[in-house]
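Q: Provide a 3D model corresponding to the input given below.
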Amino acid sequence: MTKATILVVDDHGNVRRMVREYLEANGFRVVTAENGEQALYAARHERPDLVLLDIMMPKMDGFAFMRAFRRESDAPVIMLTARLDESDKVVGLELGADDYVTKPFGMRELLARIRAALRRAGARPSPRRILQVGPVRLDRDAYQVTSAGKEVRLTPSEFILLETLMRAPGRVFTRQELLDRLGDESRSGTPRSIDIHIRNLRTKIEPDPSHPRFIETVFGRGYRFCEDEDVG
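A: As a prediction, the model looks like this:
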């Protein structure tokens with residue numbers, strides 16, 4: 001049986017170590033991150049089944065992580081918070097957290113909450129793992145893309161961008177929104193660097209990249225994946 005993967009996000013190394021050791025001893029696979037930026041990168045590459053999320057962290061706090069993470073995943077999130085302010089808990093829950101545990105916490109209680117959240121998540125419909133829009137097919141689990149039945153090789157950044165566009169065909173994404181989806185992989189990039197990624201994507205998936213049918217430029221706004229493949 002495949003072990004559930006838990007992403008533990010906390011800026012205190014002793015908390016990460018303690019939680020990791022306890023969860024691994026109870027049959028989980030554990031990935032750790034010390035801030036929201038690292039957590040987004042880990043979430044995109046490890047696809048955790050559940051996230052344990054501290055709120056107060058440097059660079060990107062737990063609330064900012066939640067906003068970005070919920071655009072890409074419906075995996076359960078349990079907040080780990082030392083704050084006693086009820087408004088913080090309310091904000092977290094409104095952003096999509098499933099539960100919260102106040103520090104200091106007992107490991108047995110944390111384990112029980114994790115198992116309960118995973119049971120609830122197991123009862124929810126799974127997100128689509130295979131996307132198909134026209135002749136373009138993206139298999140997230142196999143990390144594979146085909147166009148008109150032919151496999152094309154994408155870089156990690158290209159794969160993330162294509163998946164983002166294909167999950168919401170017809171929606172216009174600004175360059176900044178697409179850059180944000182790349183997380184750590186975009187640190188040295190600018191919104192205009194998205195144009196380069198899109199040009200490379202078109203070269204790989206479009207029948208005629210100079211007259212794109214799938215990835216459309218919406219001038220002054222950004223890009224969208226066409227619901228009707230004849231739009232170009």
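
Q: The closest residue to residue 174 other than its chain neighbours: neighbour count?
A: Leaving aside its sequence neighbours, residue 174 sits nearest to residue 222 (C-beta to C-beta, 6 or more residues apart in numbering; 4.2 Å). C-beta coordinates here come from the backbone N, C-alpha and C atoms, glycine included. By the measure other C-beta atoms under 10 Å, the count of residues near residue 222 is 20.

Q: what's across from residue 222 in the sheet?
A: On the basis of DSSP bridges, residue 222 takes part in beta bridges with residue 174, residue 218.

Q: That one and residue 154, how far apart?
A: 20 Å (C-beta to C-beta, to the nearest Å).

Q: before we move on, what about residue 47?
A: 17 Å.

Q: ok, residue 22 touching residue 105?
A: No. Counting by C-beta atoms under 8 Å, residue 22 does not reach residue 105; the two are 11.2 Å apart.

Q: which stretches of the chain have low pLDDT?
A: Scanning the chain for pLDDT under 70 picks out 1, 83-86, 123-128, 183-189, 228-232.

Q: circling back to that earlier point, between residue 47 and residue 154, which one's more packed in?
A: residue 154 (20 against 16).

Q: partner residues bridging the closest residue to the more buried one other than its chain neighbours?
A: Spatial nearest neighbour of residue 154, chain neighbours left out: residue 145 (5.7 Å); criterion: C-beta to C-beta, 6+ apart. Beta-bridge partners for residue 145, by DSSP bridges, are residue 138, residue 152.

Q: can you pull the contacts of residue 145?
A: Listed by C-beta atoms under 8 Å, 6 or more residues apart in numbering, the contact set of residue 145 reads 136-139, 151-152, 154, 159, 162, 205.

Q: That one and residue 165, how far apart?
A: From residue 145 to residue 165 the distance is 12 Å (C-beta to C-beta).

Q: Contacts only, for residue 92.
A: Residue 92 touches 55, 62-63, 66, 79, 81, 100, counting by C-beta under 8 Å, 6+ apart.
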